[in-house]
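Student: The following block contains a protein sequence and its predicted model.
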Amino acid sequence: MRNILTIAGKEIQEGMRNRWVLATTLLLAALALTLSFLGSAPTGSVGVNKLDVVIVSLSSLTIFLVPLIALLLSHDAIVGEMERGTMLLLLSYPIGRREVVFGKFLGHLAILAFATLLGYGVAAAALAATGSNIGPESWKAFGTMIATSVLLGAVFAAIGHLISAVANERATAGGIAIGIWLFFVLIYDMALLGALVAAQGRAIPTGLLNVLLLANPTDVYRLLNLGSGGAGALSAMGGVAAHTGLSSPVLLAVLGFWTLAPLGLATLVFSRREL
């Protein structure tokens, strides 16, 4: 465990030296503040809780931005070290390959968690400072949104490490990472929407719909944050969540599986790879 924490600390130091921590935090904070004050502007006339509107806006932002940041952070974690020749030096110490993968993952996850918590927290604090009347349920939903945003980042950081363990060059890993991001964030849901249109109004069986939604971690994230409560009433996912019947523990378990499976595969591939 000590070796894992040491490598994680090294990744955090490199992230600070390369301005990754500062850049991601400022980006998330700037966009969150913009969405908080511009996105919640109409709520005074319709009586909608301002924080619920912010949750819907930030959840949509998270789906596009956090997976991309996670993949950019992690796609060269292994192959980059191998190209620079520093992986041989690192493994010359009494450190196992499994510890290298988990240490790098933990460091990248810490960067994502810090940026998300601080960036989104600033937006919530600014909204609260305006004197808006926000109920405890909305604050609970906002906290859940932040926690699951970090978990979504963990999913794509794990996928990034798998890409890095498989790819032979950093450029190849970068191309695969962008392709993965496009598939899960854009192409998958467009294809699913096309299938629904092609069905011409016929209902999709609940079991099949559950499988299709759980096969995409970004859809699982949507169901967790936009499928119930005030945010569910403001988004189309409320009706979808009611039709699926998937509970929050199940959705969290699926996100956990989406994190552990790629990370385990990355460890297995890297352990068998020649340097």
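Tutor: On my side now, so go ahead.
Student: buried residues in the helix or strand hosting Ser36?
Tutor: Element membership for Ser36, per DSSP states H and E: helix 20-39. Neighbour-count burial for helix 20-39 flags 20-21, 24-25, 28-29, 31-33, 35-36, 39 (criterion: 16 or more other CB atoms under 10 Å). Using the backbone N, CA and C atoms, a C-beta is placed for each residue, glycine as well.
Student: Let me know the helix or strand that Gln261 is in.
Tutor: That one is not Gln; residue 261 is Ala. Using DSSP H and E, Ala261 sits within helix 248-271.
Student: what's that helix packed up against?
Tutor: helix 97-129, helix 136-166, helix 217-226 (3 or more CB pairs under 8 Å, 6 or more residues apart in numbering; DSSP states H and E).
Student: repeat that for 10 Å
Tutor: Applying 3 or more CB pairs under 10 Å, 6 or more residues apart in numbering; DSSP states H and E, one finds that helix 248-271 makes contact with helix 97-129, helix 136-166, helix 206-214, helix 217-226, helix 237-244.
Student: These: lowest mean pLDDT?
Tutor: Sorting the helices and strands packed on helix 248-271 by mean pLDDT places helix 237-244 lowest, at a mean of 61.
Student: What mean pLDDT does the helix holding Ala261 get?
Tutor: Helix 248-271 comes out at a mean pLDDT of 93.
Student: just stretch 55-75 next, same as before
Tutor: Rounded mean pLDDT across stretch 55-75 is 89.
Student: orientation of the helix holding Ser36 relative to helix 97-129 in degrees?
Tutor: 30 degrees (axes from the mean of the first three to the mean of the last three CA atoms, to 10 degrees).
Student: In PDB, list the C-alpha atoms belonging to helix 20-39.
Tutor: Only the C-alpha atoms of helix 20-39 are listed here, as PDB (Å, rounded to 0.1, in the frame of the first residue of the first chain):
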ATOM      1  CA  TRP A  20      -3.300  19.800 -14.700                       C
ATOM      2  CA  VAL A  21      -4.800  20.400 -11.300                       C
ATOM      3  CA  LEU A  22      -5.000  24.200 -11.700                       C
ATOM      4  CA  ALA A  23      -6.400  24.000 -15.300                       C
ATOM      5  CA  THR A  24      -9.100  21.400 -14.500                       C
ATOM      6  CA  THR A  25     -10.200  23.200 -11.400                       C
ATOM      7  CA  LEU A  26     -10.400  26.600 -13.000                       C
ATOM      8  CA  LEU A  27     -12.200  25.100 -16.000                       C
ATOM      9  CA  LEU A  28     -14.800  23.300 -14.000                       C
ATOM     10  CA  ALA A  29     -15.300  26.300 -11.600                       C
ATOM     11  CA  ALA A  30     -15.700  28.800 -14.500                       C
ATOM     12  CA  LEU A  31     -18.200  26.700 -16.300                       C
ATOM     13  CA  ALA A  32     -20.100  25.700 -13.100                       C
ATOM     14  CA  LEU A  33     -20.400  29.400 -12.100                       C
ATOM     15  CA  THR A  34     -21.600  30.300 -15.600                       C
ATOM     16  CA  LEU A  35     -24.200  27.600 -15.500                       C
ATOM     17  CA  SER A  36     -25.300  28.400 -12.000                       C
ATOM     18  CA  PHE A  37     -26.100  32.100 -12.700                       C
ATOM     19  CA  LEU A  38     -27.200  31.900 -16.300                       C
ATOM     20  CA  GLY A  39     -28.900  28.600 -16.100                       C
END
